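Asks: My questions concern the predicted model and sequence given below.
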Amino acid sequence: MRLATRSSAQARTQAQAVADELTAVHPGLEVELVMVDTTGDSRPDVPLHQMGGQGVFVKEVQAAVLEGRADLAVHSAKDLPSVTAHGLVIGAYCRRRNPLDALVGRSLADLASGDVVATGSVRRRAQLSRLVPGLRFAELRGNIGTRLAKVPDGGAIVMAMAALEILGLLDDVGRHPGLHPVTREQMVPMVGQGCVAVEHRHDDRQTAGYLAAIDHPATRMAVTIERAFLAELGGGCSLPVAAHLDAGVLHTFLADEAGVRFVVDATDMAGLEVEHACERARQVARQMRDRVW
């Protein structure tokens, strides 16, 4: 079985984790990784929100599967557009890792107006501006090692805890220059953050059967509901939007493009079937959109 993935250290490592899960539950299965360069990887000097938002890290990986060069496409779920590509199916949502964001450098409590925070995410910028008015922002692109080397003097960079976890960097970063997780109440994570999603061709039943064994039902339900919220807005990482389901509550954030007007919401989804929860998420999205725009 061939797994298409980006060639970055994080992407390779999480794809290998998927491969290891598959071979663990299907003894005798042989798995190889197929490296693919994406638009997002080839233009590291361009801010993501200027490149069309979501999809810049996945389209070429998806194409490898659609064209028959690979059987599976492995992605960070947060990179996937809210509508699944024609001809593909998300066959597995792997068990979610830590979905939270973290500051490396200064902690949130130590940041003040005028300090510099490096992040290319409009979602993170909008939420941080709400918490610490007057922050200045710098772009942040590149692999994890490159990003960790760009902590501004007296400031911070923003990282996903899941990225540090999959690369085994939590202990090293925690010692120097300092790792400060941000709570979900302070910064709502991106849709699908912390989850690895695996796609296959819609008519490939054999591969679907293999993937069923590593699909995590609770994660699938949560990310499906989060994606319903995002799909209603028609946005991606070019929009300051966030959604995260935890303990039956859908936490959401939406701001205008300037990050000035915003709405934060928490909606009880406990006891709802997936279809009803998705419709409720879409309703919340419409209500928040009307308040912000």
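Replies: Now that the structure is in, tell me what you want to look at. Being a predicted model, the structure only gives us computed values, none of them experimental.
Asks: In the stretch 51-200 of the chain, what residue spans correspond to strands?
Replies: Shown for the stretch 51-200 of the chain, the strands assigned by DSSP state E, counting those that start in this stretch span residues 72-76, 88-93, 101-105, 116-118, 136-138, 156-160, 179-181, 196-201.
Asks: Quick check: which helices or strands does the first one pack against?
Replies: With contacts defined as 3 or more C-beta pairs under 8 Å, 6 or more residues apart in numbering; DSSP states H and E, strand 72-76 has these neighbours: strand 2-6, helix 9-25, helix 59-66, strand 196-201. To be clear about C-beta, it is placed using only N, CA and C from the backbone, and glycine gets the same treatment.
Asks: Would you indicate which residues of the helix or strand hosting T219 are buried?
Replies: For T219, the host element (DSSP states H and E) is helix 217-233. Using 16 or more other C-beta atoms under 10 Å as the test for burial, helix 217-233 gives 219-233.
Asks: now it, how far from the centre of its chain.
Replies: Distance of helix 217-233 from the chain centroid (C-alpha atoms, centre = their mean, to the nearest Å) equals 12 Å.
Asks: Buried residues in the very next helix or strand once past that helix, which are they?
Replies: Next along the chain after helix 217-233, taking DSSP H and E as the criterion, comes strand 241-246. For strand 241-246, a neighbour-count test (16+ other C-beta under 10 Å) marks V241, A242, A243, H244, L245 as buried.
Asks: Dump strand 241-246 to CSV, restricted to CA.
Replies: Output of strand 241-246 as CSV, limited to C-alpha atoms (Å, rounded to 0.1, in the frame of the first residue of the first chain):
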residue,chain,number,x,y,z
VAL,A,241,-12.4,31.0,12.2
ALA,A,242,-12.0,28.2,14.6
ALA,A,243,-14.1,25.3,16.0
HIS,A,244,-13.4,22.5,18.4
LEU,A,245,-15.7,19.9,19.9
ASP,A,246,-14.8,18.7,23.4
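Asks: Check which helices and strands it sits against.
Replies: helix 122-131, helix 217-233, strand 249-255.
Asks: out of these, nearest to M190?
Replies: Distance to M190, taken as C-beta to C-beta, is lowest for helix 122-131 among the helices and strands packed on strand 241-246, at 6.0 Å.
Asks: and for that closest one, what are the contacting residues?
Replies: 49, 101, 108, 117, 119, 135, 137, 158, 186-188, 190, 237-242, 253, 255, 257, 259, 262 (C-beta atoms under 8 Å, 6 or more residues apart in numbering).
Asks: Kindly recompute the last result at 6 Å.
Replies: With C-beta atoms under 6 Å, 6 or more residues apart in numbering as the test, helix 122-131 has contacts from H49, V117, L135, F137, V158, M187, M190, P240, A242, A255, G259.
Asks: What average pLDDT does that helix get?
Replies: Taken as a whole, helix 122-131 has a mean pLDDT of 95.
Asks: for stretch 60-67, same thing?
Replies: 96.
Asks: how about it: buried residues?
Replies: E60, V61, Q62, A63, A64, V65.
Asks: Then stretch 204-213?
Replies: D204, T207, A208, Y210, L211.
Asks: Repeat that for stretch 96-106.
Replies: In stretch 96-106, counting by 16+ other C-beta under 10 Å, buried: R96, R97, N98, P99, L100, D101, A102, L103, V104, G105, R106.
Asks: Now do it: distance from first to last residue.
Replies: End-to-end span of stretch 96-106 (C-alpha to C-alpha, to the nearest Å): 27 Å.
Asks: which outside residues touch it?
Replies: Contacts to stretch 96-106, defined as C-beta under 6 Å, 6+ apart, come from residues 151, 155-159, 161-162, 165, 173, 177, 179-182, 187, 189, 193-195, 219.
Asks: Could you count how many residues lie near G234?
Replies: Using other C-beta atoms under 10 Å, G234 has 11 other residues around it.
Asks: How about E199?
Replies: With other C-beta under 10 Å as criterion, E199 counts 26.
Asks: List the residues that contact it.
Replies: Counting by C-beta under 6 Å, 6+ apart, E199 touches A73, L88, I90.
Asks: Identify, from these, the entry nearest to R291.
Replies: I90 (30.6 Å).
Asks: For stretch 139-149, buried residues please.
Replies: Result for stretch 139-149 [16+ other C-beta under 10 Å]: buried residues L140, R141, N143, I144, R147, L148.
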